[in-house]
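Student: Could you look at this predicted model? Sequence included:
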Amino acid sequence: MNILVTGGTGFIGAELARTLVSRGENVVLFDIYPNYARIGDIKDKVKVVQGNLAYWAEVFNAVKNYNIEGIYHTGSMLSATSEASPWASFQTNVAGTMHILEAARLFGVGKVVFTSTLATYGLACPAVVTDETIQRPITMYGCGKLYCEVLGMYYRNRFDMDFRTVRYPAVIGPGINTPGIAQWNAWMIEYPALGKPFECYVTEDTKVPVLYFKDAVRAVDMIFQAPKEQIKMVNYNVGGVTPSRTAKELEQAVKSHIPDAQISYKPDPKTMEVFRSMNVDVFDDSKARQEWGWQPLYSDFDKVVSDTIKEIKMHPERYGLA
C-alpha cells in the first residue's frame, strides 16, 4: 500500500515509518523540515517530500503524485509553538488538516488516521477523562485539534470517508527538543541519562497522563489496521502510564536506574496554572480497548525509563543526542 505520513521525520512519524517499512509498505514522508538523522537507517527505503501542510497545492501534489492509498496525519505545530504563534498554528493544524481531508476525498484515499490530544479537554477537566467528557480546550493547540476531530467526523458522515483519531496524552521519549508544558517527563529521564542535571519546572506533586512514544506509534498503527466495522467511537483516548504518576515518582524511577541523577525543582508559575486547571488522574481509554484491542506495552515508569535509556545509548544520532 502507498502510505503518506505527515510530520514523517518527526518524533512519532519517524518511528512509525520504521514500522511501515518493516511491513513492506511504500512510504512517503511529508515534512516541512525533514530530519534525515531520525530516519538514517531507512532513508533509502522511503521517499521524503519537503512540504508545508498550510499550502494546499503541496499536500495535493504529494497525495496525487504518489497515488496515496492511506494517510497517517501526525504532522502539526505543538503546544508551545502554537501559543507563540496562534495564527501559524491555525494555518498548519486546522487548514492543514482540511487540506489533507480534501486531498483524500478528491483523490480517493481509502483511510485517514489523525492524531489528537488530551489538550482538547482543558477547562474544568475532571480527574477521570473519558471519550464522552466535554471538550473545552484552553490552548490554541487544543482548540485546533478539537476542530479537526469534528471536521473529520463531518467528512466521515458527509463523504463516507474512513476517518479515525487517536487522542494522545503527553507523549514522551528520547530526543524531544520542542518545548511543551509536559516535556519535563521526557527530559527528567534524558538529562540524567546523558550525565546532565535537570531542573524540573513543575512541583514534585504535579502529574499528567503520559504515553511512551513506541506505544503512541503502536496506537496509531493499530487503529489504522482495525476493521472499519469495529470503529464506532471514531475519536479515541489512548492511555499509557495509568493512573497518572507525579514528577517525584518519575524521579524515583529514574534514580532506580541512575542513582546519581541530579534532579531539582523550580516550578514555572504559568505552567502550573495550566496543570491546576487540568489535573487528570485517569485518561480513560476503555473504548479503544473494547473496539479495537488497544493495550499499552509501557504501562509503568520503570519500563519507560529503562527503554529510554537503552534507546539513548543505542541510537544517539537518531535522537540528536550524539
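Tutor: Yep, that arrived. Numbering: from 1, shown residues only.

Student: need the contact list for Thr165.
Tutor: Contacts for Thr165 (CB atoms under 8 Å, 6 or more residues apart in numbering) come out as 113-116, 149, 152, 223, 234-236. (Each C-beta comes from the backbone N, C-alpha and C, glycine too.)

Student: Which of those residues fall within strands?
Tutor: If you go by DSSP state E, the contacts of Thr165 have 113-116, 235-236 in strands.

Student: Which one of those residues is nearest to Met314?
Tutor: Thr115 (25.6 Å; CB to CB).

Student: can I get the CA coordinates of stretch 285-302 in CSV?
Tutor: Output of stretch 285-302 as CSV, limited to C-alpha atoms (Å, rounded to 0.1, in the frame of the first residue of the first chain):
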residue,chain,number,x,y,z
ASP,A,285,-9.2,4.5,27.1
SER,A,286,-11.8,1.8,27.6
LYS,A,287,-13.5,2.4,24.2
ALA,A,288,-10.2,1.9,22.4
ARG,A,289,-9.6,-1.3,24.4
GLN,A,290,-13.1,-2.6,23.7
GLU,A,291,-13.4,-1.7,20.0
TRP,A,292,-10.0,-2.4,18.5
GLY,A,293,-8.0,-4.1,21.2
TRP,A,294,-5.7,-1.3,22.5
GLN,A,295,-3.3,-2.2,25.3
PRO,A,296,-0.1,-0.3,26.1
LEU,A,297,3.1,-2.2,26.4
TYR,A,298,4.8,0.6,28.5
SER,A,299,2.3,1.0,31.4
ASP,A,300,4.7,2.0,34.2
PHE,A,301,7.6,4.4,34.7
ASP,A,302,10.2,1.7,35.2
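
Student: If you count neighbours, what's buried in that stretch?
Tutor: By neighbour count on 16 or more other CB atoms under 10 Å, the buried set for stretch 285-302 is 285, 287-289, 291-292, 294, 296, 298-299, 301.

Student: Now do it: everything it contacts.
Tutor: For stretch 285-302, contacts defined as CB under 8 Å, 6+ apart pick out 130-131, 166, 211-212, 214-215, 218-219, 222-223, 226, 230-233, 236-242, 245, 249-250, 253, 256, 303-304, 307.

Student: switch to 6 Å and redo it
Tutor: With contacts defined as CB atoms under 6 Å, 6 or more residues apart in numbering, stretch 285-302 is touched by 131, 212, 215, 223, 226, 230, 232-233, 236-240, 245, 250, 253, 304.

Student: now stretch 244-255
Tutor: 188-189, 192, 200, 202, 204-207, 209, 261, 263, 281, 301-302, 305.

Student: got a winner among those for most neighbours?
Tutor: Using other CB atoms under 10 Å as the neighbour criterion, Ile189 leads these with 29 neighbours.

Student: Mind checking what secondary structure the residue of the chain most remote from its centre has?
Tutor: Within the chain, the residue lying farthest from the chain centre (CA atoms, centre = their mean) is Asp260, at 30.8 Å. Here Asp260 is coil, with the state taken from DSSP: H, G, I helix; E, B strand; the rest coil.

Student: Which strands and helices lie in contact with the longest helix along the chain?
Tutor: Taking DSSP state H as the criterion, the chain has its longest helix at helix 140-159. Secondary-structure packing of helix 140-159 (3 or more CB pairs under 6 Å, 6 or more residues apart in numbering; DSSP states H and E): helix 79-84, helix 86-89, helix 96-106, strand 111-117, strand 163-168.

Student: Mean pLDDT added to those, as TSV?
Tutor: TSV is the format used below for the helices and strands packed on helix 140-159 (pLDDT from 0 to 100):
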stretch	mean pLDDT
helix 79-84	90
helix 86-89	97
helix 96-106	98
strand 111-117	98
strand 163-168	98
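
Student: Now stretch 264-271: buried residues?
Tutor: Quick answer for stretch 264-271 (16+ other CB under 10 Å): 265, 271.

Student: State the helix or strand in which Leu20 lies.
Tutor: For Leu20, the host element (DSSP states H and E) is helix 11-22.

Student: what's the neighbour count on the nearest residue to Lys228 once chain neighbours are set aside?
Tutor: Nearest residue to Lys228, sequence neighbours excluded (CB to CB, 6 or more residues apart in numbering): Asp162, at 5.9 Å. Asp162: 17 surrounding residues under other CB under 10 Å.

Student: Tell me if I'm right that Asp162 and Lys111 touch.
Tutor: Yes. At 4.4 Å, Asp162 counts as touching Lys111 under the criterion of CB atoms under 6 Å.

Student: still on that earlier bit, let me see the confidence value for the residue nearest to Lys228.
Tutor: At Asp162, the pLDDT value in this model is 98.

Student: can you list the domain ranges for the chain.
Tutor: 2-170+212-237, 172-209+241-281+301-314 (automatic domain parsing).

Student: mind putting those in CSV, distance to Gly320 included?
Tutor: Shown next, in CSV, are the domains of the chain (distance: least, CB to CB, whole Å):
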stretch, distance to Gly320
domain 2-170+212-237, 6
domain 172-209+241-281+301-314, 5
